[in-house]
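Student: This is the structure alone, sequence omitted:
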Ligand SMILES: CCCCCCC/C=C/C(=O)SCCNC(=O)CCNC(=O)[C@H](O)C(C)(C)COP(=O)(O)OP(=O)(O)OC[C@H]1O[C@@H](n2cnc3c(N)ncnc32)[C@H](O)[C@@H]1OP(=O)(O)O
Ligand SMILES: Cc1cc2nc3c(=O)[nH]c(=O)nc-3n(C[C@H](O)[C@H](O)[C@H](O)COP(=O)(O)OP(=O)(O)OC[C@H]3O[C@@H](n4cnc5c(N)ncnc54)[C@H](O)[C@@H]3O)c2cc1C
């Protein structure tokens, strides 16, 4: 029935104020009001319709993306969301987010602009940013090559300085040096920040960023020496295929010298390489910025899936009916709760961790401005590690939510297949998750090895200063409720992470060649890095389900004994019972519109079955009662069977 709230009985059970929780989730009343206003604005605009996406072919899908991006830009200007710089402001960012369709604009605003802001000199920023802010040029981030992604130092594209003309010559010397993957490159971008090896007078100075114009601003044709196109269909139907990930090769393309991004290092008119007194890793700054953003976005993707699965689990009933009464809501099954509620908790946990990481990132940015580089390794390790942890958990969590919705979860109209297909590359892009965890492991091993030299660990590794105590630690939990004390949980996580790191460091010391040891022990190092990153999450929020999931680590490192493990499990069950009456209200607090959720199973009103039934008839296959191809392929078969039967 239209207009009836089928989940009202669930909402009435809530034991907290949902409106207050909406503000907690949004960050502040102001943020809540902004999100609420912009999400409704997008939902009510027919151009931003998205329920037809699954049935569109690639070309239609892509054109539809261009139309939405152009319309979004028009709305930004009409609604005065835009002044000179305001396409970067929260309103415009939210508008793009609620349109919910990956597009070239993500890379323009998310990487091209930040690369110039972070690595360009003041002069370069003054020249390029106003053009980019007004979208008079559209840019992408061209780093990855066909043969090289994770290993940035292995990139092959060259930028050779020509002192005669005061230019760089950008060239792709091999097939494997073709730029491959950059979003927005394939069909849209007029410019790119291209990462290439700087060569001066035959000497290789390593990878640097260059602003390169790719297409004519008049007719959009590639400039001379440039070959460019889309790399082809990706996983999922609509999903990330709205994005023109591209391939690009250069044949001796010339750019003026002042288009090398020169905040970190410079090339003078005479061809002299000057490196400012700053760490060379600042060239990687855009990746650090985007990894932090990806962590903030993980809670959004996971909460969408959890919202769909929670509402549907309250609507769906299976078994347990007596005397013709109602069957049991599947959300009341303990197994459903033990799979769903930790994901609900994780979505909230990632929301708060995202806030904390933004604080850390802002802090390091301020310090960098004051030439204090001391917290850069910590910022790199935290952004890399949390990017890895949250995207892996979110991708797995979305898939689990699909399974939690049974068969209907597999329908595109559930919203879950597309959400998964769009989200899962986050485990790979902006740094493969394993490669990033190995970076965290290097940071941890270094921290442990420096303890003996009296170096005091800081930031998220500060707990290592209490190494002696953590190596002696054994949990004193005696009853299930003890696991409710945040300090008890935190200490167990600290001891487990410290012991796993120390074990790795000790095993590494047995190798005469440290690099060989690092390769050999990589799997253990990754596990130690995960334990450390989980500790960061736990120190920001409370997370007993993680302890249950990784019980093996806690018992094998001697932090807790099996009895204490089963007490943790008992306490978890108690917590699930406490969450149960609040579950629907906890996902309502995300304040997502039905448009944004894009899911019949997750509808706010819970009116699932009539809408699923209605939706099925909209499928193009149902345009005709007898399918195309009947006469050619089905009828002859049937006739043949008839003939055979007569024989
Ligand atoms: C919101 C926007 C929308 C998002 C859409 C997303 C679209 C996707 C875009 C992309 O994917 S862009 C391409 C992203 N590519 C990557 O992420 C590549 C991953 N690889 C790397 O980042 C690096 O190559 C590496 C794996 C970190 C290794 O780098 P390198 O070989 O140079 O370093 P090492 O020798 O291992 O380490 C040297 C030293 O530098 C430190 N370090 C490494 N990275 C950073 C960093 N980003 N910041 C600060 N410091 C860094 C590293 O820890 C080592 O330190 P020491 O041990 O020497 O102290
Ligand atoms: C949807 C999407 C969008 C993207 N957008 C952009 C973009 O806009 N701009 C851009 O420049 N790039 C972009 N990329 C590229 C992306 O950044 C790279 O794909 C990513 O960094 C991973 O690198 P790779 O592909 O080289 O993986 P590889 O490094 O080849 O990984 C393959 C396997 O090897 C393993 N491996 C690699 N090195 C090690 C190691 N040292 N130790 C142990 N295991 C290892 C990995 O864990 C993985 O299992 C995009 C990619 C995708 C999928």
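Tutor: Everything's here; your move. Predicted model only: the values in this text are computed from it and were never measured. Ligands and ions are numbered 1, 2, ... in the order given.
Student: neighbours around residue 9, how many?
Tutor: Neighbour count of residue 9, defined by other Cβ atoms under 10 Å: 12. (Each C-beta comes from the backbone N, C-alpha and C, glycine too.)
Student: Can you tell me which helices and strands the helix or strand that contains it packs against?
Tutor: In this structure, residue 9 sits in helix 8-11 according to DSSP states H and E. Applying 3 or more Cβ pairs under 8 Å, 6 or more residues apart in numbering; DSSP states H and E, we find helix 8-11 packed against helix 583-588.
Student: Tell me which helix or strand the nearest residue to residue 309 once chain neighbours are set aside sits in.
Tutor: Spatially, and ignoring its direct neighbours in sequence, residue 309 is nearest to residue 401 (3.9 Å; Cβ to Cβ, 6 or more residues apart in numbering). For residue 401, the host element (DSSP H and E) is helix 376-404.
Student: Buried by neighbour count: which residues of that helix qualify?
Tutor: Of all the residues in helix 376-404, those buried under the rule 16 or more other Cβ atoms under 10 Å are 376-402, 404.
Student: What residues sit buried inside the longest helix along the chain?
Tutor: Longest helix in the chain by number of residues, with DSSP state H as the criterion: helix 334-369. By 16+ other Cβ under 10 Å, the buried positions in helix 334-369 come out as 336-337, 339-351, 353-354, 356-357, 360-361, 364, 368.
Student: And for stretch 219-229?
Tutor: 226, 228.
Student: what's the angle from the longest helix of the chain to helix 376-404?
Tutor: 160 degrees (axes from the mean of the first three to the mean of the last three Cα atoms, to 10 degrees).
Student: neighbours around the closest residue to residue 105 other than its chain neighbours, how many?
Tutor: Spatial nearest neighbour of residue 105, chain neighbours left out: residue 69 (5.2 Å); criterion: Cβ to Cβ, 6+ apart. Using other Cβ under 10 Å, the number of residues around residue 69 comes to 22.
Student: One more: residue 3?
Tutor: 6.
Student: and it, what pLDDT?
Tutor: For residue 3, the model assigns a pLDDT of 74.
Student: pretty sure it is in a helix, no?
Tutor: No - counting by DSSP: H, G, I helix; E, B strand; the rest coil, residue 3 is not part of a helix but coil.
Student: contacting residues for it?
Tutor: By Cβ atoms under 8 Å, 6 or more residues apart in numbering, the contact list for residue 3 reads residue 605.
Student: ok now do whichever residue of the chain sits closest to ligand 2, which residues does it touch?
Tutor: Among all residues of the chain, residue 149 sits closest to ligand 2, at 2.1 Å; criterion: Cβ to the nearest ligand atom. Neighbouring residues of residue 149 by Cβ under 8 Å, 6+ apart: 181, 432.
Student: how much space between it and residue 385?
Tutor: 19 Å (Cβ to Cβ, to the nearest Å).
Student: backbone phi and psi for the residue nearest to residue 253 when sequence neighbours are not counted, please?
Tutor: Using Cβ to Cβ, 6+ apart and skipping residues adjacent in sequence, the residue nearest residue 253 is residue 225, 4.1 Å away. Main-chain dihedrals, residue 225, degrees, to the nearest 10: phi 90, psi 0.
Student: what do you get for residue 162?
Tutor: On the backbone of residue 162 - angles per degrees, to the nearest 10 - the values are phi -110, psi 100.
Student: do the same with the one 5 residues further on
Tutor: Taking degrees, to the nearest 10, you get phi -130, psi 160 for the backbone angles of residue 167.
Student: Give the bridge partners for it, please.
Tutor: The partner list for residue 167 in beta bridges (DSSP bridges) reads residue 162, residue 256.
Student: who in the stretch 351-500 of the chain is up against ligand 1?
Tutor: Within the stretch 351-500 of the chain, the positions near ligand 1 by Cβ under 6 Å from any ligand atom are 376-377, 380, 429-431, 435, 439, 442.
Student: Counting neighbours, what do you get for the residue nearest to residue 388 when sequence neighbours are not counted?
Tutor: Nearest-residue entry for residue 388: residue 433, 4.0 Å, with adjacent residues in sequence omitted and distances by Cβ to Cβ, 6+ apart. Applying other Cβ under 10 Å, we find 22 residues neighbouring residue 433.
Student: what's the answer for residue 522, then?
Tutor: 15.
Student: go on, residue 514?
Tutor: Residue 514 is flanked by 12 other residues according to other Cβ under 10 Å.
Student: Would you confirm that it contacts residue 507?
Tutor: No - using Cβ atoms under 8 Å, residue 514 is not in contact with residue 507, being 11.4 Å away.
Student: got the domain boundaries for this structure?
Tutor: By the assignment in automatic domain parsing, the chain contains the domains 139-280, 451-577.
Student: Of all those domains, which one comes closest to residue 607?
Tutor: Across those, the minimum distance to residue 607, taken as Cβ to Cβ, is reached by domain 139-280, at 24.4 Å.
Student: Any residue of the closest one touching ligand 1?
Tutor: Yes - legend: contact between domain 139-280 and ligand 1 by Cβ under 6 Å from any ligand atom is shown at 141, 143-144, 150-153, 183.
Student: Could you tell me the phi and psi values at residue 208?
Tutor: For residue 208, the backbone dihedrals (degrees, to the nearest 10) come out as phi -140, psi 160.
Student: oh sorry, the question was meant for residue 68
Tutor: The phi/psi pair for residue 68 (degrees, to the nearest 10) is phi -70, psi -40.
Student: Now do the contacts for it.
Tutor: Counted by Cβ under 8 Å, 6+ apart, residue 68 has contacts 47-48, 99, 101, 103.
Student: Rounded mean pLDDT for the longest helix of the chain, please.
Tutor: 96.
Student: now stretch 543-563
Tutor: 95.
Student: In the stretch 51-200 of the chain, what residue lies closest to ligand 1?
Tutor: Counting by Cβ to the nearest ligand atom, the stretch 51-200 of the chain gets nearest to ligand 1 through residue 110 (2.6 Å).
Student: Report how many residues lie close to that residue.
Tutor: The tally of other residues near residue 110 (other Cβ under 10 Å) stands at 22.
Student: Would you agree residue 355 is in contact with residue 27?
Tutor: Yes - applying Cβ under 8 Å, one finds residue 355 in contact with residue 27, separated by 6.9 Å.
Student: Where do the strands of the chain begin and end?
Tutor: For the chain, the strands defined by DSSP state E cover 139-142, 158-162, 167-171, 179-180, 191-200, 203-213, 226-230, 246-250, 253-256, 265-267, 273-275, 317-318, 328-329.
Student: Give me the distance from the fourth one to the chain's centre.
Tutor: Pointing back at strand 179-180 there. 21 Å (Cα atoms, centre = their mean, to the nearest Å).
Student: what about it, average pLDDT?
Tutor: For strand 179-180, the per-residue pLDDT averages 98.
Student: residues in contact with it?
Tutor: 142-146, 157, 172, 185, 192, 194, 231, 246-249.
Student: for the most centrally placed residue in the chain, what are its contacts?
Tutor: Centroid-nearest residue in the chain: residue 294, 4.0 Å away (criterion: Cα atoms, centre = their mean). Neighbouring residues of residue 294 by Cβ under 8 Å, 6+ apart: 387, 390-391, 426, 430.
Student: How confident was the prediction at it?
Tutor: On the pLDDT scale, residue 294 gets 98.
Student: what's the nearest residue to it if we skip its chain neighbours?
Tutor: residue 387 (5.2 Å).
Student: now do residue 511
Tutor: Closest to residue 511 by Cβ to Cβ, 6+ apart is residue 517, at 3.1 Å.
Student: and this protein, which of its residues are near ligand 2?
Tutor: So the chain meets ligand 2 at 107, 141-144, 149-150, 181-183, 240, 245, 425, 428-432, 434-435, 438, 522 (Cβ under 6 Å from any ligand atom).
Student: Can you turn the buried part of the residues you listed into a PyMOL selection?
Tutor: To isolate the buried ones among the residues of the chain next to ligand 2 in PyMOL, judged by 16+ other Cβ under 10 Å, type:
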select buried, resi 107+141+142+143+144+149+181+182+183+240+245+425+428+429+430+431+434+438
